[in-house]
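Visitor: Sharing a model prediction with you, sequence too.
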Amino acid sequence: MTALVYKRMAYYVLFLLAGGACAFAKPFVFTAIPDEDETRLRQRFTKVAHYLAGELKVEVEFIPVKSYAAAITAFKNNQVQMAWFGGLSGVRARRAVRGARAIAQGYEDQYFVTYFIANSSTGLREQKEFPKGMEGKTFTFGSKGSTSGRLMPEFFIRKHLGKSPDDAFRRVGFSGDHSRTIALVQSGSYQVGAVNFKVWENEIKAGRIDPAMVRIIWRTPTYPDYQWSVRGDLDQRWGGGFTDKVQSALLNMKDPSLLEAFPRKSFVPANNSDYTPILNSAKSIGLID
Amino acid sequence: MNRASSVKTSLLFVATALACIVFADLEINTQHPWRELGRMALGAVTPNFLDFGVLVESLLQTVAFALVGVSLGGLLGFGLALLYHLALVRVFCAAVRSVHELFWALLLLQFLGLNPITGLLAIALPYGGIFAKVYSEILEEADPAPLGALPGGSGHVSAFFFARLPDVWAHIISYTSYRLECGLRSSAVLGFVGLPTLGFHLESYFRQGQYSQVSALLILFYILIATLRWWARPRLLPFYLLGALALFWGSVDISMENVVRFFSEDIVPAPLRNAEGLGAENLAALGGWSWSLLMGQALPAVVATLLLTQIALVGTGMITLVVFPLVSRKFFSRPARAVGHGILVVMRSTPEYILAYIFLQIWGPSMLPAIVALAIHNGAIIGHLTGRHADQLPSRPDAPRGLNLYGYDILPRVYGQFMAFLFYRWEVIMRETAILGMLGIHTLGFYVDSAIQDIRLDRALLLIFVTALLNVGVDALSRTIRARLRLSRTPDVT
């Protein structure tokens, strides 16, 4: 028994030393909003971390979080120095951190779209204009903090129906993420939902959608969405020009297997003012004070 | 216990629940649940233990958070129990225990970040509040005789340790170890917000529809709970605690800057944040802000929360009365009881969130999935305690059997204790309504979660304050009813 105790104590000393050593060389840490299946996210961003470590010559680490809010909080608290945000979460995060910047977005993120989808039992068909006949149905958004699953669909609902989702629909739910929105509308638990078009296309490709059960009824006008944002104090911690190095590493990401993981065609430069439309939409529906 | 009035009280609660059903939203609209339910059922019977490292790691983290969190809560609660005669301490305890562990975690995350301290405090604070209340009640009920036997001039401290504590020590230990099981459940659920416990992977697997992995994790968790009394020995506690600390070591990193920002900016109501001083104009803005939040969100949410709670409370009672004989010696032989224990462990250890999602698939969104999920979960917890209580009753040699035994002998004798448990659980059920926002039911928890997701901590804090007030109210009401019925004041879980 005593031998065991001593052995354990030796382990603690080791832990202590390891903990001390870690405090010196802090890695460059980033996160991403959990908008999709976590396993896929983890695979995707572990690859990205690997790529960035090679380009930036520093240790790079990805930490997964459970919610959009947790990603923003980690950014605010400097637990991560960079994040792959959605339009809305990016705006919120950058407002909370002085000097924070959007530095790159996916090519497709300049023209992002939300699909309104409906269970086939509703009899709703795809329409060119904002679809009629949705009122009084049950409706699910994705996550409460999502741009494509919450902010923009709510914005368009208010714009076209002139009332809040709670007044327009018989019931309004928040499924938590896009894949689940599709699953819930497909099973008929909710009749109508709003979903990120990229996730929809991914799920179609993966054969997880039965076209006889659920279909697109409207494609929204385009708006800017996902982007890489960094904190304002990167250069102070890793030396002058570090932010620029991060930006060019992201823009030079050409490896198809990396890009397909997002999935994006390429990354293009972005800046904070690209997201003014998102900020204004969020303010107009009262999601940002 | 006054039997006639306890029947009257029960009927009153059932009538209230029936009245609530009229106003509650219990619509059923199913379309094609079978595809998803079929996949869940398939997953349940084909558990996949391939990610064994992940499974074991998250199980260890779950145990570590529970042990350290509950121990800290116990220490805090014991300290506070000694000061429980002070009104300020009682209010503090009622306030900290009225906030759900998940909300504690979400608030602490804002300034402590994602690290073990967040999880430990999220358990220790509400548990400390509960422990303080229960310990103080246990201490009050200690036999006063040993105190009288002390020689004159004995100090307070020695009087406490030599005359009061020994009498109730066993009761304190047994209550604390009962709470450890609750602590394991809380610890598991904390994974939902990102701590590295079981809930972390459970939520991901579940969300991704990897039901075989879900069932593997749940099976291990069930085993952990079912074997609790063999591995959770007070004598082994120091070793466990050291092991847990080793697991947490090196990952604690707190920045003062974040703490200061949280208290000086994040939680300051929006109208005051950029304002200079407290002029009449700013106060008016603050009034408008609070008023719209209270009338627009808090008030309707309080109504929804109460409706849901009252129906779920009666549902819990009904399930308890059906399931408690399953684990009682009075009704079943050993092998049958083992099956009964298994059923109750599954019912009470499956997080309500998962139960609710399964019922959401079956019935569609409404209060119904939430009510059934809460009733199953809590019914199994109280069923377990009531069954154990029934075992301690002396049997008469000519006891009847079967339904007669149940109806004429055991039920009347356990009924008082059953109601005491139920009243204790009342505020817990109300806290738990908080986490079922995905069903589209606008309870207080739904709005607190929305405020946190919107990074509006000022609003979250005001809504949490309303939740706490409601909890304090329910707690006071349940205390009054228990006193009137002369129900034993502490849940007897020996």
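Guide: Yep, it's here. Numbers count the residues shown, from 1 in each chain, chains lettered A, B, ... in the order given.
Visitor: Export only the CA atoms of stretch A:281-289, formatted as PDB.
Guide: Output in PDB follows, covering the C-alpha atoms of stretch A:281-289 (Å, rounded to 0.1, in the frame of the first residue of the first chain):
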ATOM      1  CA  SER A 281     -30.300  42.500 -39.500                       C
ATOM      2  CA  ALA A 282     -29.500  41.300 -36.000                       C
ATOM      3  CA  LYS A 283     -30.200  44.800 -34.600                       C
ATOM      4  CA  SER A 284     -33.500  45.100 -36.600                       C
ATOM      5  CA  ILE A 285     -34.900  41.900 -35.100                       C
ATOM      6  CA  GLY A 286     -33.600  42.700 -31.600                       C
ATOM      7  CA  LEU A 287     -30.900  40.000 -31.300                       C
ATOM      8  CA  ILE A 288     -28.200  42.600 -30.700                       C
ATOM      9  CA  ASP A 289     -28.800  45.700 -28.600                       C
END
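Visitor: Is that stretch positioned near chain B?
Guide: Yes. Stretch A:281-289 reaches chain B (Cβ under 8 Å from any Cβ of the partner chain) through A:287-289. In this view, the C-beta of every residue, glycine as well, is placed from N, C-alpha and C.
Visitor: who does the host helix or strand of B:Ile225 touch, helix- and strand-wise?
Guide: Take DSSP states H and E as the rule and B:Ile225 turns out to sit in helix B:211-226. Packing partners of helix B:211-226 (3 or more Cβ pairs under 8 Å, 6 or more residues apart in numbering or on different chains; DSSP states H and E): helix B:34-45, helix B:52-82, helix B:165-190, helix B:198-207, helix B:334-349.
Visitor: Just the CA trace of that helix, in PDB.
Guide: Presented in PDB, the C-alpha positions along helix B:211-226 are these (Å, rounded to 0.1, in the frame of the first residue of the first chain):
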ATOM      1  CA  TYR B 211     -27.000   5.400 -31.300                       C
ATOM      2  CA  SER B 212     -24.800   2.400 -30.800                       C
ATOM      3  CA  GLN B 213     -22.100   4.600 -29.200                       C
ATOM      4  CA  VAL B 214     -24.900   6.300 -27.200                       C
ATOM      5  CA  SER B 215     -26.000   3.000 -25.800                       C
ATOM      6  CA  ALA B 216     -22.400   1.900 -25.000                       C
ATOM      7  CA  LEU B 217     -21.900   5.100 -23.000                       C
ATOM      8  CA  LEU B 218     -25.200   4.800 -21.200                       C
ATOM      9  CA  ILE B 219     -24.600   1.100 -20.400                       C
ATOM     10  CA  LEU B 220     -21.300   1.900 -18.700                       C
ATOM     11  CA  PHE B 221     -23.000   4.800 -16.800                       C
ATOM     12  CA  TYR B 222     -25.800   2.400 -15.700                       C
ATOM     13  CA  ILE B 223     -23.200   0.000 -14.400                       C
ATOM     14  CA  LEU B 224     -21.400   2.800 -12.600                       C
ATOM     15  CA  ILE B 225     -24.600   3.800 -10.800                       C
ATOM     16  CA  ALA B 226     -25.800   0.300 -10.100                       C
END
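Visitor: on that earlier part again, could you redo the residues of stretch A:281-289 next to chain B as a markdown table and give each row neighbour count?
Guide: Output for those, formatted as a markdown table (neighbours: other Cβ atoms under 10 Å in any protein chain shown):
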| residue | neighbour count |
| --- | --- |
| A:Leu287 | 23 |
| A:Ile288 | 19 |
| A:Asp289 | 13 |
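Visitor: Now for chain A, the helix or strand with the poorest mean pLDDT.
Guide: helix A:2-22 (a mean of 47; mean pLDDT, DSSP states H and E).
Visitor: Tell me the first helix or strand C-terminal of that helix.
Guide: Assigned by DSSP H and E, the successor of helix A:2-22 is strand A:28-32.
Visitor: Find me the pLDDT at the residue in the stretch 101-250 of chain A that chain B sits nearest to, would you?
Guide: Using Cβ to the nearest Cβ, A:Gly188 is the residue of the stretch 101-250 of chain A that sits closest to chain B, at 2.1 Å. The model reports A:Gly188 with a pLDDT of 88.
Visitor: right, and it touches B:Ile362 too?
Guide: No. Using Cβ atoms under 8 Å, A:Gly188 makes no contact with B:Ile362, being 11.3 Å away.
Visitor: quick one: which of those two has more around it?
Guide: Ranked by neighbour count (other Cβ atoms under 10 Å in any protein chain shown), A:Gly188 and B:Ile362 place A:Gly188 first, with 21 against 17.
Visitor: Does the more buried one fall in a helix, a strand, or a coil region?
Guide: Classification of A:Gly188 using DSSP: H, G, I helix; E, B strand; the rest coil returns coil.
Visitor: Could you measure from it over to A:Met213?
Guide: A:Gly188 sits 8 Å away from A:Met213, going by Cβ to Cβ, to the nearest Å.
Visitor: Touching both of those two, which residues are there?
Guide: A:119, B:32 (Cβ atoms under 8 Å, 6 or more residues apart in numbering or on different chains).
Visitor: mind checking which helix or strand B:Trp104 is in?
Guide: If you go by DSSP H and E, B:Trp104 is part of helix B:101-112.
Visitor: Could you pull out the buried residues of that helix?
Guide: Going by neighbour count (16 or more other Cβ atoms under 10 Å in any protein chain shown), the buried part of helix B:101-112 is B:101-112.
Visitor: and those residues as CSV, adding pLDDT and distance to B:Pro144?
Guide: What follows is the buried residues of helix B:101-112, written out as CSV (pLDDT from 0 to 100; distance: Cβ to Cβ, whole Å):
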residue, pLDDT, distance to B:Pro144
B:Glu101, 88, 36
B:Leu102, 87, 41
B:Phe103, 87, 40
B:Trp104, 91, 37
B:Ala105, 92, 41
B:Leu106, 88, 44
B:Leu107, 90, 42
B:Leu108, 92, 41
B:Leu109, 90, 46
B:Gln110, 89, 47
B:Phe111, 89, 46
B:Leu112, 89, 44
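Visitor: tell me, which of the residues you listed make contact with chain A?
Guide: Near chain A, by the rule Cβ under 8 Å from any Cβ, you find B:106, B:109-111 out of these.
Visitor: Compute the number of surrounding residues for the residue of the stretch 101-250 of chain B found nearest chain A.
Guide: Proximity of the stretch 101-250 of chain B to chain A (Cβ to the nearest Cβ) peaks at B:Gly250, 3.0 Å away. Look at B:Gly250: counted by other Cβ under 10 Å, it has 17 neighbours.
Visitor: In which helix or strand does it reside?
Guide: Here B:Gly250 is assigned to no helix or strand, by DSSP H and E.
Visitor: Quick check: the gap between it and A:Tyr111.
Guide: 45 Å.
Visitor: and the stretch 101-250 of chain B, which residues reach chain A?
Guide: So the stretch 101-250 of chain B meets chain A at B:106, B:109-111, B:113-114, B:192-194, B:200, B:203-204, B:207-209, B:242-243, B:245-246, B:249-250 (Cβ under 8 Å from any Cβ).
Visitor: try 10 Å
Guide: When proximity is defined as Cβ under 10 Å from any Cβ of the partner chain, the stretch 101-250 of chain B approaches chain A at B:106, B:109-115, B:191-195, B:199-201, B:203-210, B:213, B:239, B:242-243, B:245-250.
Visitor: mind checking pLDDT for the most centrally placed residue in chain A?
Guide: Closest residue to the average C-alpha location of chain A: A:Ile33 at 3.7 Å, with Cα atoms, centre = their mean. For A:Ile33, the pLDDT comes out at 92.
Visitor: cool, B:Phe465 as well?
Guide: 89.
Visitor: Might you report the residue contacts of it?
Guide: B:95, B:98-99, B:298 (Cβ atoms under 10 Å, 6 or more residues apart in numbering or on different chains).
Visitor: can you tell me the helix or strand for it?
Guide: Counting by DSSP H and E, B:Phe465 is part of helix B:457-484.
Visitor: Compute the inter-axis angle for that helix and helix B:101-112.
Guide: Here helix B:457-484 runs at an angle of 140 degrees relative to helix B:101-112 (axes from the mean of the first three to the mean of the last three Cα atoms, to 10 degrees).
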